[in-house]
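Asks: model the following, please.
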Amino acid sequence: MNIKILSWFKPSDHHEYLHIDLGQHQYGNFSMATVKGNAIVEDQSQIESGPIGLKEEGPFGTFVEVYDGHAGPDASIFTREKLFGILQGHIINKGRMSTEVLIDSIAELENQYLGLVRENLPGMLLQETSCVVGMVSGGQIYIANVGDSRAVMGTVVRTKSQVKAAFERKGIQAVPLTINHSMKLNSGVQDFNTRQLKYVHTDDYLRAKAYIRTSRTIGAAFLKMKEFNNCSGLSDTLRFKDNIRFPILSHVPWTKAEVLNADNKFVIFGSHGFWDLVDEQRVVEIVYNSSQKGIARVLIKHALKKVALDQGLTYRKLEKLEAGSSLSFYDDISVVVLFLDHHKINSNRVSPECPRVAVRTYGASRFLPTADGASTSGSKSTKEAGGSIWQHVRGIGSSFRS
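Replies: Numbers count the residues shown, from 1 in each chain. Next up, the predicted model:
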């Protein structure tokens, strides 16, 4: 199986809004896109497809991740570089894919990251990342999420006509596959309070609650271990003098495993910068009623039109904003749409026409799709601009083991 990425690689010359319009994974097609909102890109995303162990004959799977960094890009980049290789090791050790594999893999990732923080004090004490992971393998989808990046499945619903029972009307329904751990929602606040119940009236609790954005995260070392909270390089405003219980935040993911059926058509993975701007049901309907090619760009454009409307701008004016001026308007936005071909899923055998896929994002610059959905071109080459957002690698997981 050869890797086939370059034929799907269609960056704009500005490297600020980049995408793969349509690629092929083990069980169907996919579409990916990212747009920069922050001065330094903190979003990362990744897709790997093919053998998920060490043997070419299988087992096979498609692995999708979206990471949303906070307080810097290091945690999201580390997760992008390490998690898939860790997960492969646990699949090999256990002999199969499971939600337990996801939980154990994220625990190992967290330990490795905190070890890296310890070696680089005090520079990485605050950095953290949300993470949503999906694995399609063996006719099931396995989901794990930590934080506020999310996944939503588009599922066909069938209702019998009241006139003729033989006729059916078909629609599409948004089915959330994750729990949102945002502290803006009751789900996140209750999750946080459950672990810190005895401290809810202390000053330290209130300061911690004011700082954190999600009740679960990878990283944020100063909220995970007392040794990091006592670090001399940490601001006094972030030190906790009360006998507050560590970890203040959890890294343990919410997980779900679901058997796929023919009515499950696609899954949309997105960073919170995307989901905070859109309605789940509406974007599922957009995907269902649109061409697969370029659909991730279409969804980002839909989200950015909401930004423009809220700010009293036209889409064209939002597009023309100087780099960095959009920071107060929107966050980094990453979207992966994974389409599900159930003939391929049910066969669970390698498709001869499907290449092994290994693609992941690198830092983008701020740029928007044009009003017609196409990428705007500029004068600089990829090399001159410092490299592209997408990198293809030589083999599944080959650059992740170290």
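Asks: hey, let's count contacts and neighbours off CA atoms from now on
Replies: OK.
Asks: neighbours around the residue lying closest to P247 once chain neighbours are set aside, how many?
Replies: Leaving aside its sequence neighbours, P247 sits nearest to K224 (CA to CA, 6 or more residues apart in numbering; 4.1 Å). The number of residues packed near K224 is 21, by other CA atoms under 10 Å.
Asks: quick one: low-confidence ranges for this protein?
Replies: In the predicted model, the chain carries pLDDT under 70 at residues 1-18, 54-58, 159-169, 193-202, 205-206, 208-209, 242, 322-328, 348-355, 360-402.
Asks: quick one, helices of the stretch 1-150 of the chain?
Replies: 74-94, 99-119 (DSSP state H, counting those that start in this stretch).
Asks: for the first one, buried residues please.
Replies: Right, the one you point to is helix 74-94. Buried residues in helix 74-94, counted by 16 or more other CA atoms under 10 Å: 74-92.
Asks: so how far is that helix off the chain centroid?
Replies: Remark: helix 74-94 is offset 14 Å from the chain centroid, using CA atoms, centre = their mean, to the nearest Å.
Asks: is the residue nearest to P247 in contact with I244, as I believe?
Replies: No: using CA atoms under 8 Å, K224 is not in contact with I244; the gap is 11.2 Å.
Asks: give me the distance between G95 and I52.
Replies: According to CA to CA, to the nearest Å, G95 and I52 sit 11 Å apart.
Asks: report how many residues lie close to the closest residue to V335 other than its chain neighbours.
Replies: Leaving out its chain neighbours, the residue that sits closest to V335 by CA to CA, 6+ apart is G270, at 4.5 Å. Neighbourhood size, G270 [other CA under 10 Å]: 31.
Asks: and K317, by the same measure?
Replies: K317: 10 neighbours (other CA under 10 Å).
Asks: check which helix or strand it maps to.
Replies: Taking DSSP states H and E as the criterion, K317 maps to helix 315-319.
Asks: which residues does the helix or strand following that helix contact?
Replies: Downstream of helix 315-319, the first helix or strand assigned by DSSP H and E is strand 333-339. Strand 333-339 has contacts (CA atoms under 8 Å, 6 or more residues apart in numbering) with 27-37, 43-45, 64, 66, 265-274, 295-296, 299-300.
Asks: among those, which lie within strands?
Replies: 28-35, 43-45, 64, 66, 265-270 (DSSP state E).
Asks: just the buried subset of the residues you listed, written out for PyMOL, thanks.
Replies: With 16+ other CA under 10 Å as the criterion, this PyMOL line picks the buried residues out of those:
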select buried, resi 28+29+30+31+32+33+34+35+43+44+45+64+66+265+266+267+268+269+270
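Asks: follow-up on the earlier one: for the residue nearest to P247, phi and psi?
Replies: Main-chain dihedrals, K224, degrees, to the nearest 10: phi -110, psi -40.
Asks: next up, the contacts around it.
Replies: So K224 contacts 246-250 (CA under 8 Å, 6+ apart).
Asks: give me the most central residue, this protein.
Replies: V66 (1.5 Å; CA atoms, centre = their mean).
Asks: tell me what it is bridged to.
Replies: On the basis of DSSP bridges, V66 is bridged to S45, V132.
Asks: contacting residues for it?
Replies: Contacts of V66 by CA under 8 Å, 6+ apart are 43-46, 131-133, 149, 269-271, 334-336.
Asks: if we can go back for a sec, neighbour-wise, which of G95 and I52 wins?
Replies: Taking other CA under 10 Å, G95 and I52 do not tie; I52 has more neighbours (28 against 11).
Asks: ok, that one to P59 distance?
Replies: The value you get for I52 to P59, if CA to CA is used, is 6 Å.
Asks: so which residues of the stretch 151-300 of the chain form helices?
Replies: Remark: helices assigned in the stretch 151-300 of the chain by DSSP H, counting those that start in this stretch are 186-195, 203-211, 226-229, 272-275, 280-288, 295-310.
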